[in-house]
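Undergrad: Could you work out the structure for the sequence below:
(chains A and B)
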Amino acid sequence: MKARGLISLVVAAALWQVLADTLVRNRFILPSFLDVLKAYARLAGSILLRDVAISLMHFALGLAMGLMVGVPVGCLMGWSRVMDQILDPLIEILRPIPPIAWVPLAIVWFHLTHFSAGFIVFIGAVFPILINAYTGFRGVEKRFVEAAEVLGCIRGWDLVRAVAFPSALPSILAGVRIGMGVGWMCVVAAEIFGVSENGLGFRIFQRFYYLHQTDNLIAYMILLGLLALLIDRGFRAITERLWLRWRVGAVIP
Amino acid sequence: MNTANKLGKGGVKVEVVKVSKSFPQPDGAPLKVLVDVSLRVWDGEFLCVVGPSGCGKTTLLRIVAGLEQPDVGYVWVDGVKSEGPSPVKGMIFQDLALFPWRTVRGNVEFGLEFKGLPLEERGRISSHYLRLVGLEGWEDRYPNELSGGMKQRVAIARALAPGPEVLLMDEPFTALDAQTRNVMQSELVSIWKATGKTILFVTHNIDEAIYLADRVIVFTPRPASVKNVYSVDLERPRDRTSHRFQRLRRKILEDMAFPNMR
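TA: So this is what the prediction gives:
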């Protein structure tokens, strides 16, 4: 399985190398695979780690805010008809605005700081998280609520804590995963548009592109993909081990 | 309650008084489900209600549990008028409704958490009931990992743990295969004997009712009312093939052979 998965990667790298060396033969248009590897070696000693750290910080900042707002508001709207009716129009108007459209406002409000980038990530992450928390709470099965009630779990807050939240958790976590995906795109978008002076996205656009360093550019692109993959895999592994163990029997027979 | 007749072991545990219930339908005409149903369950008694599928047995049980309100009539449980769900009335649902996100022990301890019991106390009680239903060693499994019979045992332990006055059971063994069902029936009788609980058990299975109950109440098809009441004075454990068992079975079958049943 693992070994087979490597085949496509090795073949793609080889084709790329051959293509760059024989057909294109222009390091600006298409640096070869080895050029990019060299770029990594060069960058690793200087700016790479710092850019990664800063992008991750923007990401974490926005995601944390997205969780703090999205989960409670989504749960509240899913649980209470009244809150749903009150908040739904606002959410539905704000939600379709592309996160990048918030960039100028972010700069006006937070200037060229990490908070600006975090804010854009927040805008991107909060809605998928909110919607999935909402859907999860909406979908709480009546039979579980009744089973809890006849066992003496009658107060609203107890039902939320002991029935609605655990039963909605798979949906909430799925929302967090989607939110993280959108959030990661927003990190790059926010940094490209210059809301901060560092980070992977900032470097790609404001430096490598302007300086025609295509090898560095591709190195950072691949790094962006790998980091997102790593974050997603890590998140799945941790949540499935900690909170979704009960689904193992149900999902994988 | 002063109306409680001092009969049986200790008077009336559940009293259903002239209960009627109908549900609104899309076409406007209300669907009558229960009409003027009265019955009593004595303290410590095992009472079965049999009736054809869809006759309103489940609705009766849900009214006793406090999950539905009757249009007319009252339900008294342990001398208190039943107006909503409470841990006094333990219920085992037809689909069990075990919490899939909780382990076996977590399910059994669910009701204990809302009684404000300290952690060790909860553990002690849940262990007791898990032993009673024969689930030692399965405490840390999740419902998805269990067989049908084991899920039944979890549901029984979960319902018993908070110490209800009466156990309401809604066709809990329907989904089981015949062998497992027989095993669960005889285990339920043992559990009933060990705990002395009052049980109101609803089923469409005549054999099951005669095997389990002290008394069997036969319902008519919808709208349900009480058609007949039988005392089952057969020695336990009961022999399903015995002459007296079969004679009673024939009587109830005749009761339930309704000519215009849809």
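Undergrad: C-alpha from now on. contacts and neighbour counts both.
TA: Fine.
Undergrad: ok, now which ones touch residue A:221?
TA: Contacts of residue A:221 were listed using Cα atoms under 8 Å, 6 or more residues apart in numbering or on different chains, and they are residue A:204.
Undergrad: Now do it against residue A:208, distance only.
TA: Note on residue A:221: its distance to residue A:208, by Cα to Cα, to the nearest Å, is 11 Å.
Undergrad: do the same with residue A:32
TA: 16 Å.
Undergrad: Looking only at neighbour counts, state which of these two leads.
TA: residue A:32 (25 against 17; other Cα atoms under 10 Å in any protein chain shown).
Undergrad: Now do the helices in the stretch 51-200 of chain B.
TA: B:57-65, B:104-113, B:119-132, B:148-160, B:178-195 (DSSP state H, counting those that start in this stretch).
Undergrad: ah, wrong one, I meant the stretch 51-200 of chain A
TA: Secondary structure of the stretch 51-200 of chain A by DSSP H, counting those that start in this stretch: the helices cover A:81-94, A:103-110, A:114-138, A:142-150, A:156-159, A:165-192, A:200-202.
Undergrad: Find the centremost residue of the chain, please.
TA: Answering for chain A, as no chain was given. residue A:180 (1.8 Å; Cα atoms, centre = their mean).
Undergrad: let's do chain B instead
TA: Note: chain B centre (Cα atoms, centre = their mean) maps to residue B:169, 2.1 Å.
Undergrad: Quick one: closest of the helices of the stretch 51-200 of chain B to chain A.
TA: Proximity to chain A (Cα to the nearest Cα) singles out helix B:104-113 among these, at 4.6 Å.
Undergrad: packing partners for the closest one?
TA: helix B:119-132, helix B:148-160 (3 or more Cα pairs under 8 Å, 6 or more residues apart in numbering or on different chains; DSSP states H and E).
Undergrad: What is the last one packed up against?
TA: Here helix B:148-160 is seen to pack against strand B:89-92, helix B:104-113, helix B:119-132, helix B:178-195 when contacts are counted using 3+ Cα pairs under 8 Å, 6+ apart.
Undergrad: now do the longest one
TA: Taking 3+ Cα pairs under 8 Å, 6+ apart as contact, the helices and strands that helix B:119-132 lies on are helix B:104-113, helix B:148-160.
Undergrad: Could I get the buried residue list for that helix?
TA: B:122, B:123, B:125, B:126, B:127, B:129, B:130, B:132 (16 or more other Cα atoms under 10 Å in any protein chain shown).
Undergrad: ok, now which ones touch the fifth one?
TA: With Cα under 8 Å, 6+ apart as the criterion, the residues that contact residue B:127 are B:105, B:136.
Undergrad: so what's the residue in chain A sticking out farthest from the centre scoring on pLDDT?
TA: Residue farthest from the centre of chain A, counting by Cα atoms, centre = their mean, is residue A:150 at 40.5 Å. On the pLDDT scale, residue A:150 is placed at 94.
Undergrad: Then residue B:7?
TA: The model reports residue B:7 with a pLDDT of 44.
Undergrad: wait, doesn't residue A:107 sit right on residue A:114?
TA: No - Residue A:107 is beyond contact range of residue A:114, at 10.3 Å (criterion: Cα atoms under 8 Å).
Undergrad: now stretch B:127-138: mean pLDDT?
TA: Mean predicted confidence for stretch B:127-138 is 94.
Undergrad: Mind listing residues that contact stretch A:53-63?
TA: With Cα under 8 Å, 6+ apart, stretch A:53-63 has contacts from A:114-115, A:117-123, A:125-126, A:179-180, A:183-184, A:187, A:198-201.
Undergrad: Generate a PyMOL selection restricted to the buried entries among those residues.
TA: In PyMOL, this line selects whichever of the contacts of stretch A:53-63 come out buried by 16+ other Cα under 10 Å:
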select buried, chain A and resi 114+115+117+118+119+120+121+122+123+125+126+179+180+183+184+187+198+199+200+201
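Undergrad: Among the contacts of stretch A:53-63, name the ones that also lie close to chain B.
TA: Restricting those to those touching chain B (Cα under 8 Å from any Cα of the partner chain) yields no residues.
Undergrad: any weak-confidence spans in the stretch 101-250 of chain B?
TA: Nowhere does the stretch 101-250 of chain B drop to pLDDT under 70.
Undergrad: Which residues of it lie near chain A?
TA: Counting by Cα under 8 Å from any Cα, the residues of the stretch 101-250 of chain B near chain A are B:101-103, B:110-111, B:114-115, B:142-145, B:159, B:162.
Undergrad: List buried members of those residues by neighbour count.
TA: B:101, B:102, B:103, B:110, B:111, B:114, B:142, B:143, B:144, B:145, B:159, B:162.
Undergrad: Output those as CSV; include the columns distance to residue A:4.
TA: As requested, these are exported to CSV (distance: Cα to Cα, whole Å):
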residue, distance to residue A:4
B:101, 35
B:102, 38
B:103, 38
B:110, 47
B:111, 50
B:114, 53
B:142, 34
B:143, 36
B:144, 33
B:145, 32
B:159, 51
B:162, 54
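Undergrad: Tell me how far the one residue in the stretch 1-150 of chain A that gets nearest to chain B lies from residue A:107.
TA: Of all residues in the stretch 1-150 of chain A, the one sitting closest to chain B is residue A:150 (5.1 Å; Cα to the nearest Cα). Computed as Cα to Cα, the residue A:150 to residue A:107 distance reads 54 Å.
Undergrad: can you check residue A:119 too?
TA: 10 Å.
Undergrad: Phi first, then psi, for the nearest residue to residue A:144 once chain neighbours are set aside.
TA: Distances taken as Cα to Cα, 6 or more residues apart in numbering or on different chains put residue B:97 closest to residue A:144, at 5.8 Å, once the chain neighbours are dropped. Backbone torsions for residue B:97, taken as degrees, to the nearest 10, come to phi 50, psi 40.
Undergrad: All set now, cheers.
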